[in-house]
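[1] this one's sequence-less:
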């Protein structure tokens, strides 16, 4: 019915692009050599951090659906490029290019945490309460290698 269609459309915030569409539009690779050269990605990817590149890639693979959302993002980009924030962004670009992949480093550090639960209130035994020693990153164990210590110090 018409009501079902409008409520479904209101809940959609991104378009779904299949592999054929991505290839035909040459979003990530060109259709001749199947390399990045000449693709949309190669023309707009000036990101300075791995996280920025992942975010831009996600935006390309799942473009916004609603006109208002598209305009809001375009306004934000315009402000960052030419508005008052432009000076701060030029300084941030230099810092971001040197800091590495903070998102992945933090993920590694988080995965080092333990998982001894001191209580259980739901079906899979996780009520979010862990002993403080299990949340701390400790390097006394043989399982914490020099690389993990290095990852942690990079984030700091």
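    Ah, there it is. It should be emphasised that the depicted structure is a prediction, and the values quoted were computed from it without experimental measurement.
[2] report the next helix or strand after the lengthiest helix in the chain in sequence order.
    Taking DSSP state H as the criterion, the chain has its longest helix at helix 67-82. The helix or strand immediately downstream of helix 67-82 is helix 86-98, counting by DSSP states H and E.
[3] and the contacts of that next one?
    Helix 86-98 is contacted by residues 48-49, 52, 80-81 when judged by Cβ atoms under 8 Å, 6 or more residues apart in numbering. All C-beta spots, glycine's among them, are computed from the backbone N, C-alpha and C.
[4] will you turn these into CSV that also has pLDDT and neighbour count?
    Shown next, in CSV, are the contacts of helix 86-98 (pLDDT from 0 to 100; neighbours: other Cβ atoms under 10 Å):
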residue, pLDDT, neighbour count
48, 84, 15
49, 85, 19
52, 87, 16
80, 83, 14
81, 84, 10
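[5] which pair in those residues spans the largest distance?
    49 and 81 (17.3 Å; Cβ to Cβ).
[6] which residues of the chain score low on pLDDT?
    1-9, 112-149, 151-156 (pLDDT under 70).
[7] can you pull out the helices in it?
    Along the chain, counting by DSSP H, helices occupy 2-11, 19-24, 40-44, 50-61, 67-82, 86-98, 102-112, 132-135, 146-155.
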